[in-house]
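Chemist: Below is the structure, and that's it, no one-letter string:
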């Protein structure tokens, strides 16, 4: 899958996270919604930044940061669900998309690292 597809998916995910957070009305836990919003939108921001990396090492580092942010986002999504801030359907949908992005990031990091070794 091309990096542009990953970029598009991560942007769509960021939009979904923002909409989800904006839709949480009660109980509103600012610390949790702020964290999931920051981590969820950071995934795409780092993938976007990777497109303009100064080196292959920098490119890999940005993708690895995005990967860490996707893991953190999954944590916050689960916590929001378990504390009844979001429903099962919202959680499942967001987690599925986050998981898909995470798998693509893992594959992209692996490929980029392998390509570095072949130079």
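Modeler: Looks like it came in fine. Source: prediction; values computed, not measured.
Chemist: In stretch 106-119, which residues are buried?
Modeler: Neighbour-count burial for stretch 106-119 flags 108, 109, 112 (criterion: 16 or more other Cβ atoms under 10 Å). Bear in mind the C-beta positions are built from the backbone N, C-alpha and C, glycine included.
Chemist: To clarify, my last question referred to stretch 50-68.
Modeler: Within stretch 50-68, the residues that count as buried by 16+ other Cβ under 10 Å are 50, 59, 60, 61, 62, 63, 64, 65, 66, 67, 68.
Chemist: can you pull out the helices in the protein?
Modeler: Taking DSSP state H as the criterion, the chain carries its helices at 3-23, 30-50, 56-82, 88-117.
Chemist: can I get the ones you listed in JSON lines with mean pLDDT?
Modeler: Output for the helices of the chain, formatted as JSON lines (pLDDT from 0 to 100):
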{"stretch": "helix 3-23", "mean pLDDT": "93"}
{"stretch": "helix 30-50", "mean pLDDT": "96"}
{"stretch": "helix 56-82", "mean pLDDT": "97"}
{"stretch": "helix 88-117", "mean pLDDT": "95"}
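Chemist: okay, now residue 85: neighbour count?
Modeler: By the criterion of other Cβ atoms under 10 Å, residue 85 has 23 neighbours.
Chemist: Look up how far residue 70 lies from residue 6.
Modeler: 11 Å (Cβ to Cβ, to the nearest Å).
Chemist: quick one: which of the two has more around it?
Modeler: Using other Cβ under 10 Å as the criterion, residue 6 and residue 70 rank with residue 70 on top: 27 against 23.
Chemist: Next up, the contacts around the more buried one.
Modeler: 39, 43, 98, 101, 102, 105 (Cβ atoms under 8 Å, 6 or more residues apart in numbering).
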